[in-house]
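Asks: No letters, just coordinates:
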């Protein structure tokens, strides 16, 4: 059942059309992931759906009585408000009444008759406005989101304020929940908690996020905003990737064919005499049509060009810590931690907010003296920082001044480049080179900081939450750059997919100042952690009352592959490639709206076959891995 639809929606700022006759339908109970490049208009679309902005043209229909709640990227609250007051504002007209009653309850213990009379009057008014149900709803949200009702909102961390904003939105029991970058400032535990919250949520959800693992877990449909159009892709983010690649290839082929035909017709029209004959009038009209289609075509935007100016090679040893400890007052941040970091290591620091990841990083880099233990640093270290709060950026400075103060050129990987051309590599138009930093969006500031970072020679990169605000395409390009980077990387991030794709080892907070090293990224840590936490042996009590030691199990010998299994192993890669090619072909069919005009039996058969292919590919991969490991 549709809750909301938009049709032929248009929205533009300046000469850029953010929405160009876009259409979308949101159905009850579905969870939509809205993706697209920074600056394409995703937040503007959400604001229009929430009723905080209007389309320039087109139609927006909402189901009568539809309740919509919008959680913006950087939530705003009344200065000095308590958490209870902030959450209660989501209850609508009775929010002030709920806040007054809550504060009256706090005061009544120390008050007299006047306070009791005031409390009684508030209780009577609450009954008249169905306030008890709403008050219970506020209390439930505070408990469920683990929030302190009396805390002041401004004293909370970014993750805490995000929880307050979510609680405020959920109190009103909205039919449609709109979330703009809800995972920003949340640690991994907070993101996992939000995933469970949305999976259990009865209403519809539309969320802007660049967290690919979050999208894969939560979304039932991916909606992409690309060049003013909204395109829907049923299923998870992984399904979207396969279908999008096919669509872009088809679009490129179609554009190439149209451009070739246009070039041929342009050559013909310039011959002059032949084109003026009466029988060529139709051909001239077709040429005019081709010119018009080419003029309005919006080609795919260019990609960010990421190149890193790597400094001189550091020594083989970057840092060595031996029984290092650090405390602030009674709070232990690091307890007897030892590690050795060498050139080329890519280290991920994982842990909840407030556990001391930044403190440990400063200890490793020698910026902070330990209370106990030794820290030995390597030689020729050139460190570059990416700050999650973008504090390195002067809001009044121009983009060109940020990149290359006092000069019009930057040296990148041994070549000299003009600062305007360098900014174009990061998708900043030449006209914006003299614009102030304060005019940029969050994603644009992140790109600018990357541009500044990569313009300085360094052999040690420290990236503190670099994934916040960056679009998925830029994230993937940054992953590729870091994978090929020959220097050392320290990465603080709550983006699980980014950690998995970049880091070679992880340093994880185990609580109470304990830190441990694990090989691999976030998923590797999860796989290792249960084994390390599990008991090593189960004691069995014998008749004499002593614990019998379990006998060590004999290690099975791996059987050699038979001739038939060797042949199977050789054929499996081709078999998997064939199945994946069939999968891409079927996904392309299902992505074509014209396909659904055919017979229902054919559509159902295609969908059934596509579902079966997932299982067949997975089974083939498992079999391939098993045979490969036995052969080795």
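Replies: Right, received. Where do you want to start? Computed from a predicted structure; not experimentally measured. Residues are numbered from 1 along each chain as shown.
Asks: Would you state the strands of the stretch 151-300 of the chain in chain order?
Replies: Listed in chain order, the strands of the stretch 151-300 of the chain (DSSP state E, counting those that start in this stretch) span 176-180, 204-208, 221-226, 229-234.
Asks: where does the stretch 151-300 of the chain dip in pLDDT?
Replies: 247-252, 255, 258, 262, 264-300 (pLDDT under 70).
Asks: Mind doing that once more with 50?
Replies: Along the stretch 151-300 of the chain, the parts satisfying pLDDT under 50 run over 273, 275-276, 278-279, 300.
Asks: For it, which segments count as helices?
Replies: Ranges of helices in the stretch 151-300 of the chain, per DSSP state H, counting those that start in this stretch, are 158-171, 188-199, 212-218, 237-269, 281-296.
Asks: List the buried residues in the second one.
Replies: Yep, that's helix 188-199 we're talking about. Neighbour counts using 16 or more other Cβ atoms under 10 Å place 188, 190, 191, 193, 194, 195, 197, 198 of helix 188-199 among the buried residues. The way it works is simple: take the backbone N, C-alpha and C, and place the C-beta from them, glycine included.
Asks: now the residues you listed in a markdown table, with distance to residue 69?
Replies: Listed next are the buried residues of helix 188-199 as a markdown table, based on distance: Cβ to Cβ, whole Å:
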| residue | distance to residue 69 |
| --- | --- |
| 188 | 25 |
| 190 | 19 |
| 191 | 20 |
| 193 | 18 |
| 194 | 15 |
| 195 | 18 |
| 197 | 13 |
| 198 | 13 |
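Asks: Let me know the closest of those residues to residue 21.
Replies: Ranked by distance to residue 21 (Cβ to Cβ), the buried residues of helix 188-199 are led by residue 198 at 30.4 Å.
Asks: which residues does that closest one contact?
Replies: Going by Cβ atoms under 8 Å, 6 or more residues apart in numbering, residue 198 touches 31, 205, 207, 218.
Asks: ok, now how distant is the first one from residue 220?
Replies: Distance, residue 31 to residue 220, using Cβ to Cβ, to the nearest Å: 5 Å.
Asks: So if I had to pick from these two, which one is more boxed in?
Replies: residue 31 (19 against 15; other Cβ atoms under 10 Å).
Asks: so the residue nearest to the more buried one when sequence neighbours are not counted bridges to which residues?
Replies: Leaving aside its sequence neighbours, residue 31 sits nearest to residue 205 (Cβ to Cβ, 6 or more residues apart in numbering; 4.4 Å). Taking DSSP bridges, one obtains residue 31, residue 177 as the residues bridged to residue 205.
Asks: In contact with residue 205, which residues?
Replies: Neighbouring residues of residue 205 by Cβ under 8 Å, 6+ apart: 30, 31, 32, 176, 177, 179, 198, 218.
Asks: Next, give me the two most distant ones among those.
Replies: If you compare every pair in the contacts of residue 205 using Cβ to Cβ, the most distant one turns out to be 176 and 218, at 15.3 Å.
Asks: sorry, back to before: JSON lines for the contacts of residue 198, including distance to residue 145?
Replies: Compiled in JSON lines, these are given as follows (distance: Cβ to Cβ, whole Å):
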{"residue": "31", "distance to residue 145": "19"}
{"residue": "205", "distance to residue 145": "16"}
{"residue": "207", "distance to residue 145": "17"}
{"residue": "218", "distance to residue 145": "17"}
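Asks: In terms of distance to residue 475, which of these ranks first?
Replies: Closest to residue 475, out of all of the contacts of residue 198 and judged by Cβ to Cβ, is residue 207, at 16.7 Å.
Asks: Can you give me every residue that contacts that closest one?
Replies: Residue 207 touches 31, 32, 33, 34, 178, 179, 182, 198, 218, 219, counting by Cβ under 8 Å, 6+ apart.
Asks: isn't the third one right next to residue 218, touching?
Replies: Meaning residue 33. Yes. With contact defined as Cβ atoms under 8 Å, residue 33 and residue 218 form a contacting pair (7.1 Å).
Asks: Could you check which of these two has the larger neighbour count?
Replies: residue 33 (26 against 23).
Asks: Okay, angle between the helix or strand that one falls within and strand 176-180 too, please.
Replies: Here residue 33, judged by DSSP states H and E, is contained in strand 31-35. Put simply, strand 31-35 runs at 30 degrees to strand 176-180, going by axes from the mean of the first three to the mean of the last three Cα atoms, to 10 degrees.
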